[in-house]
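>>> A structural model of the following input is requested.
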Amino acid sequence: MSHLECSNDRRRITLPILILKPEPVTDFDGFRATALLDTGATTSGITPRVVDALRLVGYGKRPIGSAQGDGQAERYLFRIGLYPTSAIDDGRPGFPFTFEAIMGFGLTESFRLDALLGMDILSQCDFRMDRSGRAILSFG
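A predicted model of the protein is given here:
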């Protein structure tokens, strides 16, 4: 199993991810992003700058509930890729571990990061954080 060390500033946990088009599955040319790890979100989301960079098409708006209240959000099909910390630290080329395509939602332009990683992806991983704040996401 591979693992990825997350950043933790005691307010939020973030991690580097790769956002990919849903097809072709052999295409690893994606958008390198910083994502907020959110165990309270059932679905992952991406910002308009990611949507534009990957030229993703919307699948229609659906109701969505958030900490800011209820609203409507556009849905997008995309894949998430993760690189193990060892590959990032060594600067080694390689392929990311990719999850199957998910139907995520569009975040607002005001969202400060590129993406939000929700339980649709996190439920396929193991997550742990120790008292010192070191956070690790294991996958694969």
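
>>> mind checking how far M119 is from T43?
Distance, M119 to T43, using Cβ to Cβ, to the nearest Å: 8 Å. C-beta: built from backbone N, CA, C; applies to glycine.

>>> er, G60 I mean
Between G60 and T43 the distance is 15 Å, computed by Cβ to Cβ.

>>> So between these two, which is more surrounded?
A side-by-side neighbour count of G60 and T43, using other Cβ atoms under 10 Å, places T43 first with 18 against 7.

>>> Least confident secondary structure element in the chain?
Lowest by mean pLDDT, DSSP states H and E among the helices and strands of the chain is helix 85-90, with a mean of 68.

>>> tell me what the longest strand along the chain is packed against?
Using DSSP state E to define each element, the chain has its longest strand at strand 69-82. Counting contacts by 3 or more Cβ pairs under 8 Å, 6 or more residues apart in numbering; DSSP states H and E, strand 69-82 is packed against strand 13-20, strand 45-46, strand 58-66, strand 97-98, strand 102-106.

>>> where does the protein have low pLDDT?
68, 87-93 (pLDDT under 70).

>>> Identify the residue nearest the geometric centre of it.
When Cα atoms, centre = their mean is applied to the chain, the residue found nearest the centroid is L117 (3.9 Å).
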